[in-house]
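S.K.: The amino acid sequence is not available; the structure is as follows:
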């Protein structure tokens, strides 16, 4: 008989990780636009507004969504209709499925139940992600082929060749990780990264497998079709590649799929090479033992941070008022944001003051605090890597096609073998 | 619940196979084969054989089929080239014979399986450790022979593709 509570817990976990990935989407699109503007020394989008509130261009996302929903979804007469309509859905679905094995906190023991903070605790979870992302290429191939257009077909062919080529160094770089941590289960790999190396370095994949980390990150860039590997799109060479015939929400699915792929790749890099949910120097037992001070520190730092941000906003609004400012409703934005953050910071400090007079936390409370700290650690690292994806896109030029193939086959694959060999040698030497 | 999933996946696997040989468009055929392979992977997952499930998707559906589709797209067949081949009597007879032999064999094999036999597979079936241990202990010679054949194929491809070495 199915246990309904277990069922609900699994459903809740699925909602959590999908919510995490999809909530990051608008943030990433905003990062992309403002980051590009910052790197190119210009202002970036700042026109769309709701009642004068612009949130530094964040409102543009809402305008985009409205535009894409209203747009007609054209089906050109020369396309293969069935495949044309399936392709964007395929691309998006597979990427979301791969999130099932990403762990975001240590196992939570509450009320006699062991809740793994991961939708499916597969024995070979890393390979599951590889398998699902290898299916992701079908969305792109189908889109390119069914569009019945030379540019789209070229984009699809390029993407196929690129993804097959870079899957090999990606998989070979993972072998080193399996060897060091002795498991292909993502939760086990993260747990292995909680120890200390030489007594002061956290035993992160980055420090144990520096070459493997470099290869994996490079291959992950290629797998997500991001710059400098964005040849499938290559707008200056083949217009927009595989999605040139798409419009409206069908195009939006490709666009969203690209950013969800970035979130997935960042979560993978974090989990395998940057300690996953581990808070550096604080394994789970340590956090649970000192949960009271952790709660106080989190609430205190959060409250003071929010108040500091509020002060900055109010100061900015005042300067706008004195110096003339923009002369429109943007001058009032600082006041609105400032007041909102005073409320948030005040609430956090109020709870901080409450915890001072409270006794020690019960067991479940301490464990929950540990989970919250670990989720925060995982989310911060993942968001940092998402930013690196955007940073690289606006800093590096695109590869030429033959350079791309040479890098993949002649340089990265041999290096990946060298990495496996060195890892084996070092492990043998350590055993002796 | 399990039986429902089994029948769903089994139907999809067979339907995919039948579609693969019956549709006209080669790309549709390839996608029908992918459907069939993915359903097979699902059947492995129902046996708790995670590793075989993942390999089935990763190697067959994710790598080999991508190459096949890549080739189909490169050939870029036109509608006129996809005419039905004339079916002669000899070919029909041969196919019928092969089908009959296959069906006879299947009945022989399935007849030996007890309908209510235990369905739980042995310990460690189809996970990474189990497959690895079997492959590098009992079946190490076949495994090495297969990798040798693959090496020969790789060298052969390089020889065929390059005009001057």
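M.R.: Right, received. Where do you want to start? From a predicted model like this one, the values you see are computed outputs, not experimental measurements.

S.K.: Beyond the helix or strand harbouring residue B:105, next helix or strand please.
M.R.: Taking DSSP states H and E as the definition, residue B:105 sits inside helix B:89-111. Moving toward the C-terminus from helix B:89-111, the next helix or strand (DSSP H and E) is helix B:128-136.

S.K.: where's residue A:109, which helix or strand?
M.R.: Per DSSP H and E: strand A:108-110 holds residue A:109.

S.K.: what does that strand rub up against?
M.R.: A:114-115, A:117, A:364, A:367-368, A:371 (C-beta atoms under 8 Å, 6 or more residues apart in numbering or on different chains). C-beta coordinates here come from the backbone N, C-alpha and C atoms, glycine included.

S.K.: Swap in 6 Å and give it another go.
M.R.: Contacts of strand A:108-110 with the rest of the structure, by C-beta atoms under 6 Å, 6 or more residues apart in numbering or on different chains, involve A:115, A:364, A:367, A:371.

S.K.: Need the per-residue pLDDT for the last one.
M.R.: Predicted confidence (pLDDT) for residue A:371: 84.

S.K.: Next, give phi and psi for it.
M.R.: When read as degrees, to the nearest 10, the backbone of residue A:371 gives phi -60, psi -40.

S.K.: so how far is residue B:43 from it?
M.R.: Distance, residue A:371 to residue B:43, by C-beta to C-beta, to the nearest Å: 36 Å.

S.K.: Which one of the two is surrounded by more residues?
M.R.: Set residue A:371 next to residue B:43 and count neighbours by other C-beta atoms under 10 Å in any protein chain shown: residue A:371 wins out with 21 against 18.

S.K.: if I pick the more buried one, what's in contact with it?
M.R.: Here residue A:371 is in contact with A:105, A:108 (criterion: C-beta under 6 Å, 6+ apart).

S.K.: Likewise for residue A:205?
M.R.: A:177, A:213, A:272-273.

S.K.: what about residue A:83, how many neighbours?
M.R.: The burial count for residue A:83: 20, using other C-beta under 10 Å.

S.K.: Looking at the contacts of residue A:205, which one is closest to residue A:133?
M.R.: The nearest member of those to residue A:133, counting by C-beta to C-beta, is residue A:272 at 13.9 Å.

S.K.: residue contacts, that closest one?
M.R.: Per C-beta under 6 Å, 6+ apart, neighbours of residue A:272: A:177, A:205.

S.K.: Contact residues of chain B facing chain A?
M.R.: B:50-51, B:54, B:57-58, B:62, B:66, B:69-70, B:73, B:127-128 (C-beta under 6 Å from any C-beta of the partner chain).

S.K.: Spatially, which two of those residues are the most separated?
M.R.: For the residues of chain B next to chain A, with distances taken as C-beta to C-beta, the pair at the greatest spread is B:73 and B:127 (36.0 Å).

S.K.: Could you identify the longest helix within chain A?
M.R.: Longest helix of chain A, by residue count under DSSP state H: helix A:4-39.

S.K.: Residue A:204 and residue B:149, how far apart?
M.R.: Separation of residue A:204 from residue B:149 (C-beta to C-beta) stands at 40 Å.

S.K.: Who has more neighbours out of these two?
M.R.: Neighbour count, other C-beta under 10 Å: between residue A:204 and residue B:149, residue A:204 has more, with 22 against 10.

S.K.: and the gap between that one and residue B:133?
M.R.: The gap separating residue A:204 from residue B:133 is 30 Å, by C-beta to C-beta.

S.K.: Point to the residue nearest the middle of chain B.
M.R.: The C-alpha lying nearest the average C-alpha coordinate of chain B belongs to residue B:37 (C-alpha atoms, centre = their mean; 6.0 Å).

S.K.: about what we covered before: from the residues of chain B next to chain A, pick the one nearest residue B:12.
M.R.: Out of these, the member with the shortest distance to residue B:12 (by C-beta to C-beta) is residue B:57, at 14.3 Å.

S.K.: Using the three-state scheme, assign the residue lying closest to the closest one once chain neighbours are set aside.
M.R.: Excluding its sequence neighbours, the residue lying closest to residue B:57 (C-beta to C-beta, 6 or more residues apart in numbering or on different chains) is residue A:131, at 4.1 Å. Of the three states, residue A:131 takes helix under DSSP: H, G, I helix; E, B strand; the rest coil.

S.K.: Alright, I will stop here.
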